[in-house]
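K.L.:
Just need the structure, nothing else, for what follows:
(4 chains)
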Number of protein chains: 2
Amino acid sequence: MSTPGRKTVRDLRRGNRAMLLRALYFGGPASRNELSAQTGLSAATVSTMTGDLLADNVIVEAGQVDSDGGRPRVLLKVNPAYGYAVGVDVGETQVKVELFDLEMNVRARAHYAVRSAKHDPELVARHILTGVDAVIAEGEVPAGQVLGVGVGVPGIVEPGADGLVRAKTFGWEAVPLGALLRAGTSLPLVLDNGAKTMGQAELWFGSGRGTGDAVILLVGSGVGGTIVTGGRIYRGAGMAAGEVGHLKVIAGGRACRCGARGCLEAYLGAEAILERAGVEADSADEEAALARLLESGSPVIGETVDLLGAGLSSLVHLFNPERIVIGGWAGLMLGGRLLGEIRAATAANTQAQPFQPESVVLGRLGPDAVALGAATLVIEPFFGDAAYPSPAIA
Amino acid sequence: MSTPGRKTVRDLRRGNRAMLLRALYFGGPASRNELSAQTGLSAATVSTMTGDLLADNVIVEAGQVDSDGGRPRVLLKVNPAYGYAVGVDVGETQVKVELFDLEMNVRARAHYAVRSAKHDPELVARHILTGVDAVIAEGEVPAGQVLGVGVGVPGIVEPGADGLVRAKTFGWEAVPLGALLRAGTSLPLVLDNGAKTMGQAELWFGSGRGTGDAVILLVGSGVGGTIVTGGRIYRGAGMAAGEVGHLKVIAGGRACRCGARGCLEAYLGAEAILERAGVEADSADEEAALARLLESGSPVIGETVDLLGAGLSSLVHLFNPERIVIGGWAGLMLGGRLLGEIRAATAANTQAQPFQPESVVLGRLGPDAVALGAATLVIEPFFGDAAYPSPAIA
DNA sequence: CTGACTTTCTTCGAGGCTTAGATTATGGTC
DNA sequence: GACCATAATCTAAGCCTCGAAGAAAGTCAG
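P.N.:
Next up is the predicted model:
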């Protein structure tokens, strides 16, 4: 058994405070009275608590609204300028650094091209660090108000202070990216898999919004995923859960770049699809090539849909999710034209009872959400009880 | 986002009380002092809380132990006679009803043979109800002390008051077993999939003990499973999660009795293995037949191990579990001789990083644990904050 | 313009909770 | 028998949330 193990009477207030902040953050502006109804807390408690939060400048007033013949209600909202978070997307071709306020409006950006196929860890770290300084300067944010830096990387991030990253596609074998960054900044750092940061973005602001149990698929050049249980990203015992790309669909089948055979990623990512169709394309023109292939009516596409359906069926039977979100540029391209076929293929592989075809939907945020999601990782502790496994912190 | 939403100061005590009971239940007898250390609660709190629990008769003293030259410590333990739970295993060939005390000692049993392939729901319900009365009478338990009846059934149990069960193998299509039982007893009822009740048993008392994230496989005639996240069984949005048997291993492959193709269960359960080997056997002598097949060195066995390895690999990549437990009579038979091969097959399909071959282990409880696990479902609320999705309650 | 009414928000006392520190209980050691 | 060590309980203090009562800030009829 695990130990939820809450303790003192003070944790109680922390928890309730977090709940109230969540209601305010995701439910938009609300009056004290509405908050009381939403959270179940008494009006008295809401009153003292909002008093504290206002004093701390975490929330601010946001206008008034008349009430039928009574005292008008004062609306409250989270103060977007209370703090800022930096989100970083370490991608195949570039490093993107963006500064967000608490409402996740972009305040500044910095992009650095990276020569494909050559991902020197130290260079990447340097890009990130200069980028962080640049966006903070450009965004004109007071020094103490940056809450932290979230970094979405390919591959698996090991738990631990060094932020060890293993990413086959980058040729990274236990690269201590966390330590490299730690040496150059004193801001709080959070590292996580890019597919998970993107999943977090879809969960908070996109198609996953409001769901407690969901699977979010990121189909780009390769395939990644995020599993949501109980409204939170599930990371497993060693932060490596949710590797949907290496779900087996045909045991002993096509070789995958991970070294094994028959993984979903051996059939589904843009790279695998193009290879299977015999199309040559380097990562720069994958997008155009995939679009052409889709138009051409190649049988490879039909096979791909079938295999995706089989994979989704496995996910349905294992997780019984409320929703399945397909994202990533290739996923959106495929799903944009073939969502009906994908749903049908899934249904064909799945017992009717637990599966609703309409639960398979497309992502709403586009492929740029990795940095956004990485920034939310920095914000998340605000709204949580922190009694959950968190991404690696360096 | 989900809403942990704890509220009043009273929930706090309930939570701490549950934590303390858990420590006592799973950690065996302990002194107040040890409890204080284990739970992190102050000695004073432990003192008042144990006072309450003693007054309520939930715990009892269990002897003394000298301490180096000081006041001897008084040991406390959960009172096994505080209450009793009935566990029911609705199996293919029989209905087993067993009465347990809080320490999960069996106090009485009643078994009812069921003619194979004919599972009249009303008959099953009648067997259960007579069985419940019989074991309570035989166990000589005071009327008010039976805490409830837990029932492990094949197939999927829908959430809701009627306890709707869907079990293809029984030909049950939305059978309201909960309602049928409700009509015949006023005891609290809990229904869940038999693979999950067994998983719960392994989690609490068997090979899964102490793990927070685990996958427990039940391989019998068919294949079922239990997924454990955060120390609790994960049930998904509609109680249907963890259907490991319908994980795809070869998309478009062999037909499964669920109607789809390529499921793990189309290759792995005793039924599927024997079919693939061309052995005729009805459910009564499946066990002997499988044993013979294993001795014979049939190539089917090697294939089976490979496919099991592929399936486990999928589970590793999705859940990153701390441990994988293989249980069920066929699973134990297979794993008993071929555990090394199974581990190797899994490793061959899996990236080295997140997977430790030794994390695949055999179950420790044998196939009789379904009823035991069902009874624990009745006990579980005692130790929990109940703010988690629970099995269907009728 | 005034007074009644409505609705929102704040204040206050009560009841609970956990904690730290003092106190009592219970044994051994010299 | 004096002294010490450890275990368990008692007491006072500080938080927390809640319900009820009161204050605030409008509307609306006459």
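K.L.:
Now do A:Glu103, the pLDDT please.
P.N.:
At A:Glu103 the predicted local distance difference test score is 93.
K.L.:
now A:Asn33
P.N.:
The predicted local confidence for A:Asn33 comes out at a pLDDT of 94.
K.L.:
Ok, the one 5 residues further on next?
P.N.:
A:Gln38 carries a pLDDT value of 93.
K.L.:
My guess is it contacts A:Leu24. True?
P.N.:
No. Using CB atoms under 8 Å, A:Gln38 is not in contact with A:Leu24; the gap is 9.2 Å. Placement of C-beta: from N, CA and C, glycine included.
K.L.:
Up against DNA strand D, what does the stretch 101-250 of chain A have?
P.N.:
Within the stretch 101-250 of chain A, no position lies close to DNA strand D (CB under 7 Å from any atom of the strand).
K.L.:
could you pull out the helices for the stretch 201-350 of chain A?
P.N.:
Remark: helices of the stretch 201-350 of chain A, listed N- to C-terminal, are A:270-276, A:286-296, A:299-319, A:329-348; assignment by DSSP state H, counting those that start in this stretch.
K.L.:
which of those helices sits most buried?
P.N.:
When neighbours are counted by mean count of other CB atoms under 10 Å in any protein chain shown, the highest per-stretch mean among those falls to helix A:299-319, a mean of 24.
K.L.:
which neighbours do A:Gln38 and A:Leu24 share?
P.N.:
Overlap between the contact sets of A:Gln38 and A:Leu24, as judged by CB atoms under 8 Å, 6 or more residues apart in numbering or on different chains, is given by A:Ala30.
K.L.:
Tell me which of these two has more neighbours.
P.N.:
Shown here are A:Gln38 and A:Leu24; by other CB atoms under 10 Å in any protein chain shown, A:Leu24 has more neighbours (25 against 18).
K.L.:
what's the domain layout of chain A?
P.N.:
Residue ranges for each domain of chain A read A:9-78, A:84-197+A:370-393, A:209-364, as given by automatic domain parsing.
K.L.:
now the end-to-end length of the longest one.
P.N.:
The straight-line separation of the ends of domain A:209-364 (CA to CA, to the nearest Å) is 10 Å.
K.L.:
do the same with stretch A:223-238
P.N.:
The first and final residues of stretch A:223-238 sit 20 Å from each other (CA to CA).
K.L.:
Now it: buried residues?
P.N.:
Neighbour counts using 16 or more other CB atoms under 10 Å in any protein chain shown place A:223-238 of stretch A:223-238 among the buried residues.
K.L.:
Check stretch A:360-378 too.
P.N.:
Buried positions in stretch A:360-378, judged by neighbour count with 16+ other CB under 10 Å: A:360-365, A:367, A:369-378.
K.L.:
A:His317 contacts B:Gly238, doesn't it?
P.N.:
No. Under the criterion of CB under 8 Å, A:His317 makes no contact with B:Gly238, lying 11.8 Å away.
K.L.:
joint contacts of the two?
P.N.:
With contacts taken as CB under 8 Å, 6+ apart, the residues that reach both A:His317 and B:Gly238 are A:Pro354.
K.L.:
what residue ranges in chain A are flagged as low confidence?
P.N.:
Along chain A, segments meeting pLDDT under 70 span A:1-6, A:116-117, A:385-390, A:394.
K.L.:
now the farthest one out in it, which residue is it?
P.N.:
Of all residues in chain A, A:Gly69 sits farthest from the chain's C-alpha centroid, using CA atoms, centre = their mean; the distance is 44.5 Å.
K.L.:
quick one, strands of the stretch 51-200 of chain A?
P.N.:
Counting by DSSP state E, counting those that start in this stretch, the stretch 51-200 of chain A has these strands, from start to end: A:59-67, A:70-78, A:84-90, A:94-101, A:106-113, A:146-153, A:156-157, A:164-167, A:172-176, A:189-193.
K.L.:
of those strands, which approaches B:Ala330 most closely?
P.N.:
When the strands of the stretch 51-200 of chain A are ranked by distance to B:Ala330, counting by CB to CB, first place goes to strand A:156-157 at 33.5 Å.
K.L.:
Now do A:Glu202 against A:Val361, distance only.
P.N.:
Between A:Glu202 and A:Val361 the computed distance is 10 Å (CB to CB, to the nearest Å).
K.L.:
can you check A:Glu286 too?
P.N.:
In this structure, A:Glu286 lies at 24 Å from A:Val361, with CB to CB as the measure.
K.L.:
Over to A:Leu21?
P.N.:
A:Leu21 sits at a distance of 28 Å from A:Val361 (criterion: CB to CB).
K.L.:
swap in A:Arg182?
P.N.:
In this view, A:Arg182 and A:Val361 are 39 Å apart by CB to CB.
K.L.:
Contact residues of the stretch 251-394 of chain A facing chain B?
P.N.:
With CB under 8 Å from any CB of the partner chain as the criterion, the stretch 251-394 of chain A meets chain B at residues A:251-252, A:258-262, A:306-307, A:310-311, A:313-315, A:317-322, A:348-351, A:353-354, A:383, A:385.
K.L.:
can you give me phi and psi for A:Val243?
P.N.:
Slight slip there: residue A:243 is Glu, not Val. A:Glu243 adopts backbone torsions of phi -80, psi 70, taken as degrees, to the nearest 10.
K.L.:
burial count for it?
P.N.:
The number of residues packed around A:Glu243, counting by other CB under 10 Å, is 29.
K.L.:
from memory it sits against B:Leu318, does it?
P.N.:
Yes. Counting by CB under 8 Å, A:Glu243 touches B:Leu318, with 6.9 Å between them.
K.L.:
The buried residues of stretch A:223-238 in strands, which ones?
P.N.:
Mapping those onto strands (DSSP state E) picks out A:Val223, A:Gly224, A:Gly225, A:Thr226, A:Ile227, A:Val228, A:Thr229, A:Arg232, A:Ile233.
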